[in-house]
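K.L.:
Got a predicted model here, sequence first, then my questions.
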Amino acid sequence: AYMPTEGKLITDIQRAWNGLLGSEKTFEEWLLAELMRLERLEHLAKKFKHKADIHEAWTSGKEEMLSSTDYKNCKIFELKAMKKKHEAFESDLAAHQDRVEQIAA
């Protein structure tokens, strides 16, 4: 009669099989958790890009406007209009600062 050696008994094979099933289940749980984490990161990356695109669109042309030297050659009523425009920009900038801070969050 055949007598299997140590480690090749049916109980040994069953124990190893159960260990393999447990490892497979642990790996599957880790893999699903990792997929969920990556989906969350992808969502956050898209959200960040959207907010950054909005900010970039808002800032477009602002530097040129602020560095303009038109005030040097304008009349007083034009200067007052430029001052109002600048005050409106400052107000808009203050409101937009919250959005900038949200992008970083």
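P.N.:
That came through fine.
K.L.:
State the helix or strand in which the most centrally placed residue in the chain lies.
P.N.:
When the chain is reduced to its mean C-alpha position, the closest residue under C-alpha atoms, centre = their mean turns out to be residue 45, at 2.9 Å. Under the criterion DSSP states H and E, the helix or strand holding residue 45 is helix 10-59.
K.L.:
ok, back up a step: measure the residue nearest to the centre of the chain to residue 73 for me?
P.N.:
As judged by C-beta to C-beta, to the nearest Å, residue 45 and residue 73 stand 47 Å apart. Backbone N, C-alpha and C define where each C-beta goes, glycine included.
K.L.:
what do you get for residue 26?
P.N.:
75 Å.
K.L.:
Which one's more surrounded, these two?
P.N.:
More neighbours surround residue 26 than the other of residue 26 and residue 73, with 10 against 7 (other C-beta atoms under 10 Å).
K.L.:
any idea how far the more buried one is from residue 32?
P.N.:
Using C-beta to C-beta, one obtains 11 Å as the distance from residue 26 to residue 32.
K.L.:
Next: residue 60.
P.N.:
42 Å.
K.L.:
Also residue 74?
P.N.:
Plainly put, residue 74 is 65 Å away from residue 32 if you go by C-beta to C-beta.
K.L.:
try residue 53
P.N.:
Between residue 53 and residue 32 the distance is 32 Å, computed by C-beta to C-beta.
K.L.:
And residue 93, by the same measure?
P.N.:
Residue 93 sits 45 Å away from residue 32, going by C-beta to C-beta.
K.L.:
who's more crowded, those two?
P.N.:
In this comparison of residue 93 against residue 32, neighbours counted by other C-beta under 10 Å, the higher total goes to residue 93 at 14 against 10.
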